[in-house]
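Engineer: I need the structure of the sequence given here:
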Amino acid sequence: MPPAEGETRVQVSIRLRPRVAALDEEEGGGDGERIVVEGSRCVFRQHAFQFANVFGAAATNEQVYAAHRVAVADVLRGFDCTLLAYGATGSGKTHTMMGAADGSEPGAVPLAADTLFDEILARHDDSTSFSISLAVLEILEERCFDLLHDRATVVLRSGAPAGSKGGALHFHGLEEVQVRSKEQLVAEIERGKRARTQGETYRHGCSSRAHTVVRLRVEAARLSLSDLSSGVLTLVDLAGSEAATLNRERQRVSEGIAINKSLHWLKAVVHALAAHKPVLHFRNSAITRLLQPSLAGQAVVAVLVTV
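Structural biologist: Presented below is the predicted three-dimensional model:
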């Protein structure tokens, strides 16, 4: 069900990764530290937490995505949907969003591409035409880059110019790519992934050190009514939080501080939206500014916590 007019609906789900011996030993994961699943609740250290969905270690990416498929399809009706993967380094965010590294199991991003084009095909008629514009961005230490155009710098400016579809925010320097098939969409996203900034961390041999944002703007034009609707699907693979003391390199420490600060402000925004309170922190970090047009207003925000 789409959100009511002017409403931002927030859903929080949790995904438990299979236990990994090396990480469990590092994290001190004895029996007393384990998460106990009770239906849609998780119990950890005698505290119970309620979630919209709880996905156990045996859950597949397809099962995780299926819980959010309807919200993705509603983008074609002019609604905004944002799916965020949040968790510590090595907890399975990129696997969930992008899929298995060997291509054996697609993640939420390629599955969403399937949904959009399948829905467009199902709704196709002579009176309505659809167009999809893609951008793949990276936020590294509060700077924003266009991963589809040689990592060009993108400046976020308030107040979109006349005729733009960016709402109250203009992505200065960003070039969207028009995509006409799911194959082209997946190929462009893969090209963007290869341009991401990665580095070794204490917890994970090769980890993304920046937030990756896949932004799909879908326009539907009803020719007989001269009517144009626009929805935005935003898929975010957030950089993992990690204690600064675990990194020995100065650059990694600097990246870690920037990551943790931005995650702090993003959590503040999501908490305010979930409580239906005024949001005061959109301008406090690049990730919250970038997401503001998709988080405010008539929108669905799905947070997937990976642990």
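Engineer: make it CA atoms for all contacts and neighbour counts henceforth
Structural biologist: Noted.
Engineer: Could you say which helix or strand holds Ala187?
Structural biologist: helix 182-194 (DSSP states H and E).
Engineer: Can you list the buried residues in that helix?
Structural biologist: Within helix 182-194, the residues scored as buried using 16 or more other CA atoms under 10 Å are 182, 185-186, 188-189, 192-193.
Engineer: pLDDT and distance to Glu255 added to these, as CSV?
Structural biologist: Below are the buried residues of helix 182-194 laid out as CSV (pLDDT from 0 to 100; distance: CA to CA, whole Å):
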residue, pLDDT, distance to Glu255
Lys182, 92, 34
Leu185, 95, 30
Val186, 93, 28
Glu188, 97, 26
Ile189, 95, 24
Gly192, 95, 20
Lys193, 92, 19
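Engineer: Pick out whichever of these sits closest to Arg215.
Structural biologist: Distance to Arg215, by CA to CA, is smallest for Ile189 among the buried residues of helix 182-194, at 10.1 Å.
Engineer: hang on, isn't Ala135 packed against Val214?
Structural biologist: Yes. Using CA atoms under 8 Å, Ala135 is in contact with Val214, at 6.0 Å.
Engineer: ok, residues contacting stretch 224-232?
Structural biologist: 75-81, 127, 215-222, 294 (CA atoms under 8 Å, 6 or more residues apart in numbering).
Engineer: same question, stretch 169-182
Structural biologist: Stretch 169-182 is contacted by residues 113-114, 117, 131-135, 146, 149, 152-161, 185, 290, 293 when judged by CA under 8 Å, 6+ apart.
Engineer: switch the cut-off to 6 Å
Structural biologist: Residues outside stretch 169-182 that contact it (CA atoms under 6 Å, 6 or more residues apart in numbering) are 113, 132-135, 154-160, 185.
Engineer: Tell me the buried residues within the residues you listed.
Structural biologist: The buried subset of the contacts of stretch 169-182 - by 16+ other CA under 10 Å - is 113, 132-135, 154-156, 160, 185.
Engineer: Gly231: neighbour count?
Structural biologist: Using other CA atoms under 10 Å, Gly231 has 23 other residues around it.
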